[in-house]
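> Here is the input, now give the coordinates:
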Amino acid sequence: MLYCYITNLILYWEDLILEGIREKKTKEITYPGLRRFNGIMGAVHFIQASFMLIGGFLIGDIIDFRLPVTTDFLKLTDIGGGEFALLPETRTLFEIPLGPVTSSFLFLSAIAHFLIVLPKVNDFYNRNLEKGINYFRWFEYALSSSIMIVLIAMNFGVLNLAALISVVALNAAMNLMGLMMEIHNQDSEKTKWIAFYIGIFLGIIPWILIAIYIAGIGGDVSNAPWFVWAILGGYFFFFNTFPINMFLQYKRVGKWANYLYGERWYIILSLVSKSLLAWLVFAGTLRPV
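You can find the predicted model right below:
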C-alpha cells in the first residue's frame with residue numbers, strides 16, 4: 001500500500017516536471033510560472049532527500065558505511081639511540097555517515113525552493129530577478145554544492161580536515177563570485193567579467209587537489225570503483241554547465257537574452273545534477289568498506 005502511494009506520488013511530480021518543461025517551449029516564462037516551477041522542484045528535492053535519509057538510517061550496509069575525517073600533526077618521537085625527531089602522525093577526529101549526510105544537500109535545495117514560493121519572499125525574489133540577481137541561488141549553491149564536492153573528494157581519499165575545509169571555502173567563494181557577477185552587472189551597460197574569471201579560478205583549485213589524490217593512488221586507478229568515476233565525471237560535466245549558462249546569459253545568446261530563461265535553466269540544472277550525483281554517492285555507500 002505504502003509502495004503504491006509513493007510510486008504514484010513520484011509519477012505525479014514527474015508529470016508536473018515534464019508539463020513545466022513542455023510549457024517552457026511554448027509559452028513565455030513568467031514570474032507566476034517560475035514560482036510554480038520552484039515549488040515543484042522543491043517537492044522533488046524533498047521527496048528524494050526523505051528517501052535517502054530514511055534509507056541512511058534503516059539499511060544496515062548504509063548505516064555502517066562511514067568515512068573518517070583525519071588531522072595530521074608533528075609529534076616528538078623517540079627514534080632510538082637517545083635521539084628524538086618531529087615526525088608526522090595522523091589521527092582520526094570523527095567519522096561521517098555518508099548515507100544521511102548525502103541527503104543534506106538535497107534538503108538544502110528543497111528549503112531554498114520552498115522559501116522562494118512564500119508570498120513576501122517571492123516578491124523579493126521577483127524584484128531581484130528584474131535586476132538580474134538571485135540571492136537565494138548563490139547562497140544555496142555555496143552550501144549545497146560544497147557538501148557535494150566534499151563527499152566526492154572524500155570518495156577519492158581526501159580525508160584530511162584542513163584539505164576539506166579548503167575545498168569548502170574555495171567552492172563557496174566560487175559560488176559567491178556568481179552573486180558578485182550579478183551585483184556588478186545589474187546597472188552596467190557593458191558586462192564586467194572579473195568576478196566570473198575569479199570564480200573559475202577558485203573553482204578549479206579543488207579539482208587540482210582531487211587530481212593530486214587520484215595520482216596518489218600510485219598510477220593504478222583501475223582499482224577505483226566504477227561509481228567513483230561516474231561521480232567525478234558527472235560532477236565535472238555539470239560543474240561546467242553552470243558557468244556556461246551564465247556566459248550565455250551575459251552574452252545574451254538567443255533566448256538567454258531574457259534573464260528569466262537562464263534562471264529557469266539554473267533550476268533545471270540544479271535538480272538534474274544534484275539528483276544524479278546524490279544517488280551515485282548514496283549508491284557508493286553499498287560498496288565494500
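
> How about the contacts made by V167?
Contact analysis of V167 by CB atoms under 8 Å, 6 or more residues apart in numbering lists S146, I149, V150, A153, V158, P206, L209. For every residue, glycine as well, the C-beta is placed using N, CA and C.

> What is the burial count for the residue lying closest to the second one once chain neighbours are set aside?
The shortest distance from I149 to any non-neighbouring residue, by CB to CB, 6 or more residues apart in numbering, is to N171 (5.3 Å). By the criterion of other CB atoms under 10 Å, N171 has 25 neighbours.

> List the buried residues for whatever helix or strand N171 lives in?
Per DSSP states H and E: N171 is located in helix 161-184. Within helix 161-184, the residues that count as buried by 16 or more other CB atoms under 10 Å are 163-164, 166-168, 170-184.

> Among the contacts of V167, the buried ones, what's the PyMOL command?
Typed into PyMOL, the line below selects the buried ones among the contacts of V167, using 16+ other CB under 10 Å:
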select buried, resi 146+149+150+153+158+206+209
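
> In which helix or strand does K190 reside?
Counting by DSSP H and E, no helix or strand carries K190.

> Quick check: pLDDT value at it.
Looking at K190, its pLDDT reads 87.

> How many neighbouring residues does it have?
6.

> how near is it to H184?
According to CB to CB, to the nearest Å, K190 and H184 sit 11 Å apart.

> contacting residues around the residue nearest to I149?
Contacts of N171 by CB under 8 Å, 6+ apart are A142, S145, S146, I149, L202, G203, P206.

> can you rerun that using 10 Å?
By CB atoms under 10 Å, 6 or more residues apart in numbering, the contact set of N171 is 141-143, 145-150, 153, 202-203, 205-206, 239.

> quick one on the thing from earlier: would you mind putting the contacts of V167 into JSON lines with distance to L53 and pLDDT alongside?
Shown next, in JSON lines, are the contacts of V167 (distance: CB to CB, whole Å; pLDDT from 0 to 100):
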{"residue": "S146", "distance to L53": "19", "pLDDT": "92"}
{"residue": "I149", "distance to L53": "20", "pLDDT": "89"}
{"residue": "V150", "distance to L53": "18", "pLDDT": "91"}
{"residue": "A153", "distance to L53": "22", "pLDDT": "87"}
{"residue": "V158", "distance to L53": "24", "pLDDT": "89"}
{"residue": "P206", "distance to L53": "26", "pLDDT": "90"}
{"residue": "L209", "distance to L53": "29", "pLDDT": "87"}
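
> which of the contacts of V167 lies closest to L87?
Closest approach to L87 among the contacts of V167 (CB to CB): V158, at 22.4 Å.
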